[in-house]
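Q: Predicted coordinates and the sequence they were generated for:
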Protein chains: 2
Amino acid sequence: MRNVAVVGVGQTAFGKFLDRSLKGLGAEAIAGALDDAGARAADVQAVFAANAIAGLITGQEMVRGQVVLTATGIEGVPVVNVENACAGGATALHLSWMAVASGQVDVALAFGAEKMAHEDKRKPVLAIATAMDVEEPIDVDSPSPFMSHYASRIRRYMSDTGATATDFAMVATKAQRNGALNDLAQYGDASITPEDILRARSVADPLTVPMCSPIGDGAAAVLLVAQDALNRFPDAQPLYIRASVLVSGSDPDGGGAGAIERAARAAYDQAGVGPEDLDLVELHDANAASEVMRYESLGLAAAGDGPKLVRTGTTARDGELPVNPSGGLIARGHPVGATGCAQIYELATQLRGRAGARQVATPRVALAENGGGWVRGDVAADAVHILTT
Amino acid sequence: MRNVAVVGVGQTAFGKFLDRSLKGLGAEAIAGALDDAGARAADVQAVFAANAIAGLITGQEMVRGQVVLTATGIEGVPVVNVENACAGGATALHLSWMAVASGQVDVALAFGAEKMAHEDKRKPVLAIATAMDVEEPIDVDSPSPFMSHYASRIRRYMSDTGATATDFAMVATKAQRNGALNDLAQYGDASITPEDILRARSVADPLTVPMCSPIGDGAAAVLLVAQDALNRFPDAQPLYIRASVLVSGSDPDGGGAGAIERAARAAYDQAGVGPEDLDLVELHDANAASEVMRYESLGLAAAGDGPKLVRTGTTARDGELPVNPSGGLIARGHPVGATGCAQIYELATQLRGRAGARQVATPRVALAENGGGWVRGDVAADAVHILTT
């Protein structure tokens, strides 16, 4: 397998854009990634496209990627449409990496695009619930059936570790403060406090609305190239993919380890680094409690010590190990299929030292974790990527 | 890249099964493929799952493959959900091939499963129309918007080549006669005549209902293994993948060649064989005219000579180059996401000499072509695989 570099990243602003199309959003992100790399449409040799719910929102199924590409100059190359719930973007990235690493192609494009905002506000909420087995009963009366399902696990985590709703409110506060420094973020509030977060409307105890990732639209794209073909893009500032791992839940041989933990372990093995080497993490904070629990799954904290990282400010933007400086899913936003690529956009921007007001101190090793769906009592898909300068 | 073998194939009966679930159909096909290889669920190291319209028919989006896998013993391994309209099955196969050929895994499973039949008969018909850009106008009053869109191209082909509706009726007759010998086929009629086909209800001139692939449910699965790991399956009867190619439409450098032609050329190059070496073909007869036009795109006939292959009986089951002995999409059926894997089921069954009454004479080299969607005036995705004993 060959070494693979990220040479271009692109992202649209995330938000609620009832007047924008999937095609327009996707094309903007792709143009950004090509431009960033100094590449032309004709350089792209394969495309992996992620989207989660267009079939249920815009009615477009089956050829979502090809339809987006009609608004770009890219044509004639293999296009694969992938879905993996909220982990679709990282799944597209993983397949792009495989296509380049294996020598199938030298240059591959991964992108994710999502339209969620809809005049009928229940529509995206119910669409997101299809990240579970639709034959199993869901609480359709809940403000968010998907978040309701998280809540019982979160309450168990609180009782096991002593994590409190205030810890989660602090995570959500961090997200809003980071989002306030990110022009592309859907939300951001530099003056919000944990008390504001706790006082907000409840979704499912202990989660309040600003602790949960919002409904939003947007797209992100990543251009990958084989290290030995980097000379095609002399103006690019490459970053190297040291690990690209995709797993699904409930491994009978996993010794009880969940999908996120197994993905992280495999990624550390592949990259030859450990959590102690990381300078920066973008993780899948579907809600604020998920972030704290993931500190442990990713090995950033010992078992039960997740809340300590919040209380000590370790994962703040100016802390020892900044987590989600982009604002994360909660504040940057979470247009489902786009998120995995948006995480790479943030890592690349930070690793290149171009993150402006939200820049973290000279990072060299960074990790992205993107999870999706819920089947058989575990995330249905989880992908971890490790990038270095 | 390593050599890759097909060691197991499985397929359900195709038909209209309002009482069967996507999960049950998929699990049956997967169990068949494992059993055929003498493999256990734990042998599978990666899964690529194809489905086209469950989001619009059953409401299941995002994690369709993982949901099917809950009814099998397969868990914990990477699962990628792919869509490429009617070419989803072959896209899943292509990615499985890439995962094994590249050394990512030794054993990969591709499967496609589709539920199309619905109490509201317009629902699947409109769902299939999402294989085009849904922002462009379609004729929703047509009995089949997707077939209507084919018809104008077919009429041009008739005027260019002298192909007649009777030629297409002969293809449909061949399909029904072959289907009558296939226990898993949705349709089959050993006594039907071209006159019967011509007299049937019109869909869009010149196509009549029995010239078009039907709405149906079903699943098919293919288990792939690296040649150097074949000793894990001592009871399997392996077949070798000599080419696996995926393209999309409208290549500006294609010299006017359509996607099907470019996919075929690339596959012949990869396999080091030409159309003259083929003993057997399963191609994407979305309708009977598509089959005749594809004879030319795949290089089985010179430009304009497609109809000759019908008139001379060349592509009949007992002809020089049997095409679609399974009954093809028209008679075996076309549960969209399943078709690409069902084609491999047929090739493997024939190459192993196990096709019973529909066995063609000792084939050694076989080709499958699976196309899908319609974007920018060409198929949105086309995949060609070449298998040998």
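A: Thanks, I have it. Residues are numbered from 1 along each chain as shown, chains lettered A, B, ... in the order given.
Q: CA atoms for contacts and neighbours, from now on please.
A: Fine.
Q: Domains in chain A, by residue range?
A: For chain A, automatic domain parsing gives the domain ranges A:4-119+A:216-243, A:135-212+A:244-388.
Q: can you tell me the average pLDDT over the last one?
A: Mean pLDDT, computed over domain A:135-212+A:244-388, is 94.
Q: wait, which of the domains of chain A is closest to B:Val375?
A: Proximity to B:Val375, assessed across the domains of chain A by C-alpha to C-alpha, is greatest for domain A:4-119+A:216-243 (6.8 Å).
Q: So which residues on the stretch 1-150 of chain A come close to chain B?
A: Proximity of the stretch 1-150 of chain A to chain B (C-alpha under 8 Å from any C-alpha of the partner chain) is limited to residues A:1, A:52-53, A:55-56, A:59-63, A:66-67, A:70, A:75-86, A:91, A:98-99, A:102, A:130-134.
Q: Helices of the stretch 151-300 of chain A, start to end?
A: Secondary structure of the stretch 151-300 of chain A (DSSP state H, counting those that start in this stretch): helices at A:165-179, A:194-199, A:259-271, A:288-297.
Q: same for the third one, what does it pack against?
A: In other words, helix A:259-271. strand A:239-247, helix A:288-297, strand A:378-388 (3 or more C-alpha pairs under 8 Å, 6 or more residues apart in numbering or on different chains; DSSP states H and E).
Q: what residues does the stretch 251-389 of chain A put near chain B?
A: Looking at chain B, the residues of the stretch 251-389 of chain A close enough under C-alpha under 8 Å from any C-alpha are A:Asp251, A:Pro252, A:Ala259, A:Gly373, A:Val375, A:Arg376, A:Ala380, A:Ala381.
Q: Relative to chain B, which of those is nearest.
A: A:Asp251 (3.8 Å; C-alpha to the nearest C-alpha).
Q: Now do the closest one against B:Gln359, distance only.
A: As judged by C-alpha to C-alpha, to the nearest Å, A:Asp251 and B:Gln359 stand 41 Å apart.
Q: Please verify my assumption that A:Glu291 contacts A:Glu282.
A: No. Using C-alpha atoms under 8 Å, A:Glu291 is not in contact with A:Glu282, being 9.8 Å away.
Q: hmm, back to that, highest average neighbour count across the helices and strands packed on helix A:259-271: which stretch is it?
A: Ranked by mean neighbour count, those are led by strand A:378-388 with a mean of 27 (mean count of other C-alpha atoms under 10 Å in any protein chain shown).
Q: That one pairs with which strands?
A: Next to strand A:378-388 in the sheet, as set by DSSP bridges, lie strand A:239-247 (antiparallel), strand A:365-375 (antiparallel).
Q: Kindly calculate the angle that it makes with helix A:259-271.
A: In terms of direction (axes from the mean of the first three to the mean of the last three C-alpha atoms, to 10 degrees), strand A:378-388 departs from helix A:259-271 by 30 degrees.
Q: where's A:Pro325, which helix or strand?
A: Following DSSP states H and E, there is no helix or strand that holds A:Pro325.
Q: Please give me every residue in contact with it.
A: A:Pro325 makes contacts with A:Ala175, A:Asn178, A:Gly179, A:Glu282, A:Ala316, A:Arg317, A:Arg358, A:Gln359, A:Val360, as judged by C-alpha atoms under 8 Å, 6 or more residues apart in numbering or on different chains.
Q: what's in contact with stretch A:359-366?
A: With contacts defined as C-alpha under 8 Å, 6+ apart, stretch A:359-366 is touched by A:277-281, A:317-318, A:322, A:325, A:347, A:350-351, A:353, A:386-389.
Q: what do you get if the cut-off is 7 Å, keeping everything else the same?
A: Residues from elsewhere that reach stretch A:359-366 (C-alpha atoms under 7 Å, 6 or more residues apart in numbering or on different chains): A:277-281, A:317-318, A:347, A:350-351, A:353, A:386-389.
Q: for A:Ala49, which residues make a bridge with it?
A: A:Asn81, A:Phe111.
Q: That one touches A:Ala110, doesn't it?
A: Yes. Under the criterion of C-alpha atoms under 7 Å, A:Ala49 makes contact with A:Ala110 at 6.0 Å.
Q: Which residues are in contact with each of these two?
A: A:Ala92.
Q: hmm, back to that, take the residues of the stretch 1-150 of chain A next to chain B and keep only those in strands.
A: Among the residues of the stretch 1-150 of chain A next to chain B, DSSP state E puts A:Val79, A:Val80, A:Asn81, A:Val82, A:Glu83 in strands.
Q: now, which of those sits nearest B:Pro206?
A: A:Val79 (31.6 Å).
Q: Point me to the residue sitting farthest from the middle of chain A.
A: A:Asn231 (29.3 Å; C-alpha atoms, centre = their mean).
Q: and the gap between the residue nearest to A:Gly89 when sequence neighbours are not counted and chain B?
A: If the residues on either side of it in the chain are set aside, A:Gly89 comes closest to A:Gly340, at 4.1 Å by C-alpha to C-alpha, 6 or more residues apart in numbering or on different chains. For A:Gly340, the distance to chain B (C-alpha to the nearest C-alpha, to the nearest Å) stands at 14 Å.
Q: Summarise which helices and strands the one helix or strand A:Gly340 maps to is packed against.
A: Element membership for A:Gly340, per DSSP H and E: helix A:339-351. Judged by 3 or more C-alpha pairs under 7 Å, 6 or more residues apart in numbering or on different chains; DSSP states H and E, the packing partners of helix A:339-351 are strand A:4-11, helix A:88-101, strand A:218-226, strand A:365-375.
Q: Next, the contact list for whichever residue of the stretch 101-250 of chain A sits closest to chain B, please.
A: Residue nearest to chain B within the stretch 101-250 of chain A: A:Val247 (4.2 Å; C-alpha to the nearest C-alpha). Contacts here follow C-alpha under 7 Å, 6+ apart; on that basis A:Val247 touches A:Ala259, A:Ala263, A:Ala381, A:Asp382, A:Ala383, B:Gly76, B:Val77, B:Pro78.
Q: which two from those end up farthest apart in space?
A: Within these, A:Ala383 and B:Gly76 form the most distant pair, 12.6 Å apart (C-alpha to C-alpha).
Q: Which residue, other than its chain neighbours, is closest to A:Ala368?
A: Nearest to A:Ala368 is A:Glu282, by C-alpha to C-alpha, 6+ apart, at 4.8 Å.
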